[in-house]
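Engineer: When you get a sec, could you give me coordinates for this:
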Amino acid sequence: MTERPIILVGYVPPALALLREFQPDGSIVLVEEPDIVRKRDVRAAAADSPLVGELVEWEYQLPGTADEFANARPDLASAAAVIPLVEYATSFAARLAERLGIPGASSGAAALLRDKPLLRRATRAAGIANPVCREVDSPGAVREFMAEHHGPVILKPTNRQAAVGIRVLHEPGEVDEAWAVCVVHDEGIFVPDRPMPLRMLVETYVHGHEYSVEMLVRDGEPLFANVTDKMLFPGPYPVERGHVVPAAIGPDLRALLAERTTDVLRATGFGTGVVHCEWIVRDDTPFLVECAGRLPGDGIAELLERAYGFSLGRAYFALMRGDDVPALPTEAARTAVVCFNDAVPGTITAITDLDQIRALPGVVSSSKGVSVGDTVRELHSSWDRLALVMTCAPTAHEAVLLAEKAIGQLQIDTVRSAT
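Structural biologist: Model (predicted):
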């Protein structure tokens, strides 16, 4: 192991592959929950990666465990950086960075970003537009909120990821069935087996177009900013169907979204790191959806690198180590798009050969997370998506057309089980 290792919190296979480009062998200490290590066979994956000098099994998602870790592992006090790779790692990473005296988001900011009601209160007080919201503990409380606020509402958990447990409700008659579905948060192999506290939120639904802002931030000041356009699957579950980097919008809206994201940084006291901040724009006003203090998922990090022509990972790791960050681009040279697909629920009987998809014009990447014989569930969250296609082109219009054509040819056939 190198003199100053980097602590990665959360197992994300593509991240280890990315780090091979600039991190020396043995330089990574990988921290993961024991249940996840077992369920995802992380120990074997770590053994296969020359980068990983040590795998530490630690229940980092529990309160106080960053301080426990700092006290139990004084040998890691010289770590150069602590980097969260998953949403549930952000609070631990921020607190551990504070304990080690190295750059991080700040534990206060991380706590706000992980708790949607607290984030709404803090940012609303700073003048940032938010939906009206209330914590609820029963279907009756949801109906009471709907009686007070006309129009659709969104029911969601306060502290989950990947659109788990989120649903749009239009009528009070939908509440009982929606509650029964939304309080079941099945993330399978990606979370520990122990239960997570159940806290639910209902808020007014904001009609508008969705965007996200990705920023690299040092001491609360943005070094790089991008606006991503979002596409959603139709239906009551607001699951993202695709992303366009950068969004094909005018400079005024781009500047406004970046400004509002900077306002979120200041309202939460965010220090150093990366943020992925989601917005809905209605009548030229951005309403805050949520903000994550980590690298964006859904392939957006790769889209940024392909569109802007720089190594986001290299810049981010330099930032977190406290090193000088190379000059960062302000304009994208091209547009990169990712599209996801789903299928009719049932058992998978056939999947298009991905080599056929990769041979299509403009396709730069494709992958699938299922195989013949797997079961397809109804699309309720991002975990239920099945495959993706990524394209690049000179313009957003071209890149989206290419992605739509490619994902349309990625066929997944299913058959429903006999009942």
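Engineer: The stretch 251-400 of the chain: helices as residue ranges?
Structural biologist: Assigned helices in the stretch 251-400 of the chain, in chain order: 251-268, 300-308, 312-321, 354-358, 396-409 (criterion: DSSP state H, counting those that start in this stretch).
Engineer: Ranking these by mean neighbour count, which comes first?
Structural biologist: The highest average neighbour count among the helices of the stretch 251-400 of the chain, using mean count of other Cβ atoms under 10 Å, belongs to helix 300-308 at a mean of 23. For the C-beta atoms, the positions are set from N, CA and C on the backbone; glycine is no exception.
Engineer: Can you tell me the closest non-neighbouring residue to residue 4?
Structural biologist: Leaving aside its chain neighbours, residue 4 sits nearest to residue 80 (3.9 Å; criterion: Cβ to Cβ, 6 or more residues apart in numbering).
Engineer: Next, residue 155: phi, psi?
Structural biologist: Phi and psi for residue 155, reported as degrees, to the nearest 10, are phi -100, psi 130.
Engineer: For it, list the residues it contacts.
Structural biologist: Counting by Cβ atoms under 8 Å, 6 or more residues apart in numbering, residue 155 makes contact with 136, 142, 165-167, 169, 175, 178-179, 182, 200-202.
Engineer: let's see it at 7 Å
Structural biologist: Listed by Cβ atoms under 7 Å, 6 or more residues apart in numbering, the contact partners of residue 155 are 142, 167, 169, 178, 182, 200, 202.
Engineer: now for the helices of the stretch 251-400 of the chain, which one comes closest to residue 99?
Structural biologist: helix 312-321 (15.1 Å; Cβ to Cβ).
Engineer: Please parse the chain into its domains.
Structural biologist: For the chain, the structural domains run 6-102, 132-204, 207-333, 335-419, going by automatic domain parsing.
Engineer: Could you dump those into TSV with distance to residue 126 added?
Structural biologist: Shown next, in TSV, are the domains of the chain (distance: least, Cβ to Cβ, whole Å):
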stretch	distance to residue 126
domain 6-102	20
domain 132-204	16
domain 207-333	4
domain 335-419	29
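Engineer: Lowest mean pLDDT across these, which one is that?
Structural biologist: When the domains of the chain are ranked by mean pLDDT, domain 132-204 comes last with a mean of 85.
Engineer: For residue 110, find the nearest of the domains of the chain.
Structural biologist: Of all those, domain 6-102 comes closest under Cβ to Cβ, at 3.7 Å.
Engineer: Buried residues of stretch 58-77, list them for me.
Structural biologist: By neighbour count on 16 or more other Cβ atoms under 10 Å, the buried set for stretch 58-77 is 58, 60, 61, 65, 66, 69, 70, 73, 76.
Engineer: ugh, wrong one, I meant stretch 278-296
Structural biologist: Buried residues in stretch 278-296 (16+ other Cβ under 10 Å): 278-281, 286-296.
Engineer: now, which of the residues you listed lie within strands?
Structural biologist: Applying DSSP state E to those, the entries found in strands are 278, 279, 280, 281, 286, 287, 288, 289, 290, 291, 292.
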